[in-house]
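Enquirer: can't give you the sequence, but here's the structure:
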Ligand SMILES: Nc1ncnc2c1ncn2[C@@H]1O[C@H](COP(=O)(O)OP(=O)(O)O)[C@@H](O)[C@H]1O
Ligand SMILES: C=C(OP(=O)(O)O)C(=O)O
């Protein structure tokens, strides 16, 4: 897994080296040369000339990236499909076109989103995030120069500057950066009076002496590159005394020469510390919502670690020199459809945030059982666990925040913290209080979960809480109003929990919101089959499951759930702690990679990151690692199956609709025997596509549907690439459209063999009818 262990890509490079060095593609990237990526671009002719140079287009083609010019006057839908839309155009009309397109095709990535770009079109709001971030650690401090915004009335400027306490000289910059030459006309003001000559709206910024060198920090996804450029020279006090007026200066930042090879004072030339840049890049990416941008940073002359950000640009000039990174980012980032379904495209992150929210509500209930003290306990020490409230920490006392936390508990029971972080034996019970002896020292963290055990079985009445609390229902309503696609229910105990929610959703929303059951308790395991049957999918929520049942049982339980889900034709997500260490570290442990690989080997439909992407330091990288590790393992498994000749992944005929099931089982057998290049399925409600996926064929399944909801739901199924098209009852028309589309995307080509399964039943999703058919076609 050498690719996984690659260090984080913060590079310090000679400006002029980029082109050549970038040509040497990383081995990881080469290995990932897979599918074609169609990038529609909408750029000014100047930008096309500077960015899309012939050399770059050639390189892109080699990397499977096809650039297609977008005609602004035609509909984007007609010109697509695109995997990515790359643009640097302004104007309200264009913004609206893009927003509409994003709404309609959430799976297409727009680099960058119009609202995020708007933010950096204003020099005040652009720097606000840096100011709010107020980054300060042992590596340095990053701020913005003191500044003042003047909207109208130039005559008021001298007074306003005086009142604000800004120190001369000041850099005057037009407030709005709209790509026009005028918005880059800057000037240096040496005295206060002359400031009234300026034309608002503008930003007046203190000039920071920085030794005439600035650092251009390029941020592409989670990669960061930095180079030095010459900048404005320092202004000394003598100059300040002798100069007056407002002196325009040319646009230096883009035109300035590289200072990488210059013979500079090392204190000036020293690049900003890597950890500081990483942190800044990560935070700004999140706060700004941009993925292709650069920041201009200067170091206060004379200081070692005092930095200022003075400018932020999206899709900056000279990006073509970073093309390997850009190309890699386009291929790697979680936004485009691939044949592997072991990670979520970015729009499903949206669902995930709701899952997170809904899951949290249960955690909120569970908090009633949690201590609020962090401490290291000691072997043999005696502790009091009590629901009584007290302020501040008390020695050897843990506050559980639910009165009845000890109901049903007896002397001799074992109290386990957070599934094994520490253990105690209950030695005395007085009312609601428990005195416990520490038998396995460890860590007590705030909000830890407490469970009680007797003879290897859970005791206590945790399960008296309703599956969905009042707050959960309120949040479900919120989810409906926001148009969520999935709702995952925590601590499901029985199929009725799911049915009740489905009934409720049916009355509240015309969209078919899918309900997933999170398997994370004993009760859910006892009723597993009926819960799976009632749900639209299952999540193996290993975090809580590991607290509720003995840890060592998790691997077997995971395998059992995964296999049963496949048998019952329901997608299964393996969640939590897959790459837990990446919350803090840029590489995973080898054991975590093995865990990911095992879930892939078990043929799970999806893997889900939690803390790694929600609060982790390396969220994008964690997703990249997850994708790479799962793709590698999936490839290996497929090869193994090929080598050992075809051993069908046996499934019993277990579903109510035996005809559809048989058609799909046979279809996959044929597809595997013929080694077809792809399986195409035309499906309204996704049923046939799910049945094909259930057989885990060798070839990717392209599912063509005319229902948005189906398209989104199919994303969760193993190996399915859902594509929205208009379906006709004329099958030849469907073939023509879908083959054309797939060819355009580069997923099939002339001569390819395709197995075609059709199920365009107009009315009932589960009935089989005369329209079901199976054909083998060769792409003309
Ligand atoms: N506050 C500042 N202190 C020192 N130099 C500055 C400051 N602001 C801008 N500059 C100089 O002016 C150049 C252009 O400023 P910038 O804000 O990047 O404008 P633009 O977006 O038009 O390029 C910078 O590259 C830097 O050399
Ligand atoms: C996914 C899980 O649920 P939560 O969101 O509550 O962490 C889990 O427990 O593994």
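Expert: Yep, that arrived. Note that the structure is predicted; figures quoted are calculated from it, not measured. Numbering: from 1, shown residues only. Ligands and ions are numbered 1, 2, ... in the order given.

Enquirer: use CA for all of it now, contacts and neighbours both
Expert: Noted.

Enquirer: sheet partners, orientation included, of the helix or strand where residue 217 lies?
Expert: Assessed by DSSP states H and E, residue 217 sits inside strand 213-220. With DSSP bridges as the test, strand 213-220 is paired with strand 223-230 (antiparallel), strand 292-299 (antiparallel).

Enquirer: what's in contact with that strand?
Expert: 224-233, 259, 268-269, 271, 281, 291-299, 325-326, 329 (Cα atoms under 8 Å, 6 or more residues apart in numbering).

Enquirer: of these, buried ones?
Expert: Neighbour-count burial (16 or more other Cα atoms under 10 Å) applied to these gives 224-232, 259, 268-269, 271, 281, 291-299, 325-326, 329.

Enquirer: and those residues near ligand 1, which?
Expert: 231-232 (Cα under 6 Å from any ligand atom).

Enquirer: tell me, how many residues neighbour residue 138?
Expert: Residue crowding around residue 138 was assessed by other Cα atoms under 10 Å; the count is 8.

Enquirer: start at 20 instead
Expert: I'll keep to 20 as the first residue from here, and by that count the last item is residue 157.

Enquirer: could you list the domains of this structure?
Expert: 28-135, 142-349, 366-385+484-662, 393-478, 677-797 (automatic domain parsing).

Enquirer: hey, where'd the helices end up in the stretch 420-569 of the chain?
Expert: In the stretch 420-569 of the chain, the helices defined using DSSP state H, counting those that start in this stretch lie at 489-501, 514-527, 541-545, 547-553, 561-567.

Enquirer: mean pLDDT, distance to residue 472 and mean neighbour count for the ones you listed - can I get that in a markdown table?
Expert: What follows is the helices of the stretch 420-569 of the chain, written out as a markdown table (pLDDT from 0 to 100; distance: least, Cα to Cα, whole Å; neighbours: other Cα atoms under 10 Å):
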| stretch | mean pLDDT | distance to residue 472 | mean neighbour count |
| --- | --- | --- | --- |
| helix 489-501 | 83 | 29 | 15 |
| helix 514-527 | 92 | 26 | 15 |
| helix 541-545 | 90 | 13 | 17 |
| helix 547-553 | 97 | 22 | 20 |
| helix 561-567 | 87 | 10 | 21 |
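
Enquirer: relative to ligand 1, which of those is closest?
Expert: Nearest to ligand 1 among the helices of the stretch 420-569 of the chain is helix 489-501 (37.2 Å), distances taken as Cα to the nearest ligand atom.

Enquirer: whether stretch 429-443 contacts ligand 2 - can you check?
Expert: No: judged by Cα under 6 Å from any ligand atom, stretch 429-443 stays clear of ligand 2, getting no closer than 11.4 Å.

Enquirer: show me where pLDDT drops low in this structure?
Expert: 20-54, 125-126, 269-276, 350-398, 409-413, 420, 464-466, 479-486, 662-673, 779-790 (pLDDT under 70).

Enquirer: tell me the strands in the stretch 320-469 of the chain, going along the chain?
Expert: Taking DSSP state E, counting those that start in this stretch to define them, one finds strands in the stretch 320-469 of the chain at 325-333, 394-395, 401-405, 416-418, 433-436, 441-449, 452-459, 462-463, 469-473.

Enquirer: can you tell me the element the closest residue to ligand 1 within the stretch 620-769 of the chain falls in?
Expert: Residue nearest to ligand 1 within the stretch 620-769 of the chain: residue 639 (27.9 Å; Cα to the nearest ligand atom). Using DSSP H and E, residue 639 sits within helix 638-662.

Enquirer: identify the residue spatially nearest to residue 744, adjacent ones excluded.
Expert: Once flanking residues are discounted, residue 744 sits nearest to residue 725: 5.2 Å by Cα to Cα, 6 or more residues apart in numbering.

Enquirer: now do the same contact list for that neighbour.
Expert: Neighbouring residues of residue 725 by Cα under 8 Å, 6+ apart: 703, 743-746.

Enquirer: what do you get for residue 532?
Expert: 503-506, 524.

Enquirer: write the ChimeraX selection for whichever of those residues are buried.
Expert: The buried subset of the contacts of residue 532, as determined by 16+ other Cα under 10 Å, is captured in ChimeraX by this line:
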select :503,504,505,506,524
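
Enquirer: the contacts of residue 532 also near ligand 2: which ones?
Expert: Of the contacts of residue 532, not one also sits near ligand 2 (Cα under 6 Å from any ligand atom).

Enquirer: circling back: packing partners for the helix holding residue 639?
Expert: Secondary-structure packing of helix 638-662 (3 or more Cα pairs under 8 Å, 6 or more residues apart in numbering; DSSP states H and E): helix 609-620, helix 630-633.

Enquirer: tell me, how many residues neighbour the nearest residue to residue 628 once chain neighbours are set aside?
Expert: Nearest residue to residue 628, sequence neighbours excluded (Cα to Cα, 6+ apart): residue 595, at 5.9 Å. For residue 595, the count of nearby residues is 20 (other Cα under 10 Å).

Enquirer: ok, residue 595 to residue 510 distance?
Expert: As for residue 595, its distance to residue 510 is 15 Å (criterion: Cα to Cα, to the nearest Å).

Enquirer: could you do residue 791 as well?
Expert: 39 Å.

Enquirer: and the stretch 20-169 of the chain, which of its residues are near ligand 1?
Expert: Counting by Cα under 6 Å from any ligand atom, the residues of the stretch 20-169 of the chain that sit close to ligand 1 are residue 164.

Enquirer: where along the stretch 20-169 of the chain do the strands fall?
Expert: In the stretch 20-169 of the chain, the strands defined using DSSP E, counting those that start in this stretch lie at 29-31, 56-61, 84-88, 103-106, 128-130, 154-156, 159-162, 166-169.

Enquirer: in a markdown table: the ones you listed, plus mean neighbour count.
Expert: Compiled in a markdown table, the strands of the stretch 20-169 of the chain are given as follows (neighbours: other Cα atoms under 10 Å):
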| stretch | mean neighbour count |
| --- | --- |
| strand 29-31 | 15 |
| strand 56-61 | 23 |
| strand 84-88 | 19 |
| strand 103-106 | 23 |
| strand 128-130 | 22 |
| strand 154-156 | 14 |
| strand 159-162 | 19 |
| strand 166-169 | 20 |
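
Enquirer: tell me which of these sits nearest to ligand 2.
Expert: Short answer: strand 128-130, nearest of the strands of the stretch 20-169 of the chain by Cα to the nearest ligand atom, at 26.5 Å.

Enquirer: listing partners with orientation, what would you give for the closest one?
Expert: strand 103-106 (parallel).

Enquirer: rewinding a little: what about the contacts of residue 532, which are in strands?
Expert: Per DSSP state E, strands hold the following members of these: 505-506.

Enquirer: closest to ligand 2 out of the contacts of residue 532?
Expert: Using Cα to the nearest ligand atom, those come closest to ligand 2 at residue 506, 11.8 Å.

Enquirer: distance of that closest one relative to residue 703?
Expert: From residue 506 to residue 703 the distance is 22 Å (Cα to Cα).

Enquirer: and residue 67, by the same measure?
Expert: Taking Cα to Cα, one finds residue 67 at 41 Å from residue 703.

Enquirer: ditto for residue 64
Expert: Distance, residue 64 to residue 703, by Cα to Cα: 42 Å.

Enquirer: the two: who's more crowded?
Expert: residue 703 (26 against 10).

Enquirer: who touches residue 776 in this structure?
Expert: For residue 776, the contacting residues are 686, 698-701, 791-794, by Cα under 8 Å, 6+ apart.
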